[in-house]
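[1] Only the shape, not the letters, is given here:
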């Protein structure tokens, strides 16, 4: 699994950090990240097509 996610986690964390710096609203950014993660997990467990991050 590590080879599948190599670099993707770092890239996602960099994006979250950039959004926090741009918006100056860390709680809002983190709330949105958690919401999207839960949505993707729900869709995958329901058998839907995997969602792609924007």
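    Cool, the structure landed. This structure is a prediction, so every number in the text was calculated from the model and none was measured.
[2] ok, now how distant is residue 5 from residue 12?
    9 Å (CB to CB, to the nearest Å). C-beta here means a position set from N, CA and C on the backbone, and glycine is covered the same way.
[3] and what of residue 44?
    Residue 44 is 17 Å from residue 12, by CB to CB.
[4] tell me, what residue is most central in this structure?
    In the chain, the centroid-proximal residue (CA atoms, centre = their mean) is residue 33; its distance is 5.1 Å.
[5] so that residue makes contact with residue 17?
    No: counting by CB atoms under 8 Å, residue 33 stays clear of residue 17, with 11.2 Å between them.
[6] Now the spatially closest residue to the residue nearest to the centre of the chain that is not a sequence neighbour, what are its backbone angles?
    Of all residues not flanking residue 33 in the chain, residue 16 sits nearest, at 6.0 Å (CB to CB, 6 or more residues apart in numbering). The phi/psi pair for residue 16 (degrees, to the nearest 10) reads phi -60, psi -40.
[7] What is the burial count for residue 16?
    The number of residues packed near residue 16 is 15, by other CB atoms under 10 Å.
[8] Next, the contact list for it, please.
    By CB atoms under 8 Å, 6 or more residues apart in numbering, the contact set of residue 16 is 29, 30, 33.
[9] any idea how far the residue of the chain most remote from its centre is from residue 16?
    The outermost residue of the chain, judged against the average C-alpha position, is residue 47 (19.4 Å), by CA atoms, centre = their mean. Taking CB to CB as the measure, residue 47 falls 28 Å from residue 16.
[10] likewise residue 32?
    Taking CB to CB, one finds residue 32 at 9 Å from residue 16.
[11] what is the mean pLDDT for the longest helix along the chain?
    Criterion DSSP state H: the longest helix present in the chain is helix 26-45. Mean pLDDT, helix 26-45: 92.
[12] what's that helix packed up against?
    If you count contacts as 3 or more CB pairs under 8 Å, 6 or more residues apart in numbering; DSSP states H and E, helix 26-45 packs onto helix 8-23.
[13] where does the helix it packs on sit relative to the chain's centre, distance-wise?
    The chain centroid and the centroid of helix 8-23 are separated by 9 Å under CA atoms, centre = their mean, to the nearest Å.
[14] Good, we can wrap up now.
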